[in-house]
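**Student:** Structure for the following, please:
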Amino acid sequence: MIRIHKSPFVPEVLMTRGTQARAALCARYEKDPKGYASGKRFFAFEPGIYGHTTVRKALMEAQHGKCAFCESKFDHIAYGDVEHFRPKAGCLQVEDGPLLRPGYYWLSYEWGNLYLSCVLCNQRFKRNLFPLRVARSRARYHGGRISIEKPLLIDPGHDDPERFIGFRSEVPYAVGNNVRARVTIGALGLDRTELMEQRRERLTLLWALRVVAESGKPEAVAAQEKLAEMVQAPSEYSSMAKAFLREPARRRTVSARKKTGHPGRSGSNARKAQQGRSGKR
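**Tutor:** Residues are numbered from 1 along each chain as shown. Sure thing, here's the model as predicted:
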């Protein structure tokens, strides 16, 4: 997970059609707030606005073609989902808790609330999860104050994830046992087996390049340049790569000798998710 810097130029479709759609949603809520709060009435959202081609393109550029959460690259057969950081239809304070309605409907077309996420991070893990440090501070309608909320999920567009999440080899961990990092790793499945395997492959390449870079051979310069490239934001799993290169050489060597093939771990939330979770509601 890396810091995402979005363009200050909001896609036009969000400014025009999105603004109109937001006003319509707010007007509908005001006609029957109890109905929407009880779940008897539902909002109809327009994916053609928040998922518009121009929005996807802008997000893809800001995120360097990577999932906003796990840093896996999108490819030609998986373009990712447009994810609402604050869920639009309903939200969960805890994974197995009740679905709280309405969701953050008024943020459905807000540029700051949108990211591109891989299908696994979005549909298998995060879904409607949006826990707050103080649950009762949650804004429940468009007149609420999200400014007083203290989300437990790390927001890559506003927070610096590297302050919270570190890596021991391919394994993410909460720096200083920070609660936001622990919740984020579990809720997004950042320690899921498949993802750990992908990071491990990347780590193997990092190790090989490091050996060549420190060898003094003619190939060392090229290896050093490749390592410098792999820690840049556009590279897949760059946060792990930076953590690896920051680690003292002695500790890397000891770690390599002890390492016999990590089986992969999953946090409590990730394990539950792998046992079968339904898609987003």
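**Student:** And the strands in the chain?
**Tutor:** 81-84, 114-117, 165-168, 171-174 (DSSP state E).
**Student:** which of the residues in the second one are buried?
**Tutor:** By neighbour count on 16 or more other C-beta atoms under 10 Å, the buried set for strand 114-117 is 114, 115, 116, 117. Glycine gets a C-beta too; all of them are placed from N, C-alpha and C.
**Student:** what's the answer for the third one, then?
**Tutor:** For strand 165-168, a neighbour-count test (16+ other C-beta under 10 Å) marks 165, 166, 167 as buried.
**Student:** Not counting sequence-adjacent ones, nearest residue to the last one?
**Tutor:** Distance criterion C-beta to C-beta, 6 or more residues apart in numbering; nearest residue to residue 167, sequence neighbours excluded, is residue 243 at 3.9 Å.
**Student:** okay, now the one you found: neighbour count?
**Tutor:** 20 (other C-beta atoms under 10 Å).
**Student:** how about the strands of the chain in JSON lines, adding mean pLDDT and distance to residue 26?
**Tutor:** Converted to JSON lines, these look like this (pLDDT from 0 to 100; distance: least, C-beta to C-beta, whole Å):
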{"stretch": "strand 81-84", "mean pLDDT": "94", "distance to residue 26": "16"}
{"stretch": "strand 114-117", "mean pLDDT": "97", "distance to residue 26": "18"}
{"stretch": "strand 165-168", "mean pLDDT": "96", "distance to residue 26": "36"}
{"stretch": "strand 171-174", "mean pLDDT": "98", "distance to residue 26": "37"}
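**Student:** closest to residue 139 out of those strands?
**Tutor:** Smallest distance to residue 139 across these (C-beta to C-beta): 14.1 Å, for strand 81-84.
**Student:** Quick check: residue 204 vs residue 237, distance?
**Tutor:** 12 Å (C-beta to C-beta, to the nearest Å).
**Student:** Then residue 60?
**Tutor:** In terms of C-beta to C-beta, residue 60 sits 18 Å off from residue 237.
**Student:** Having no further points to raise, I will conclude here.
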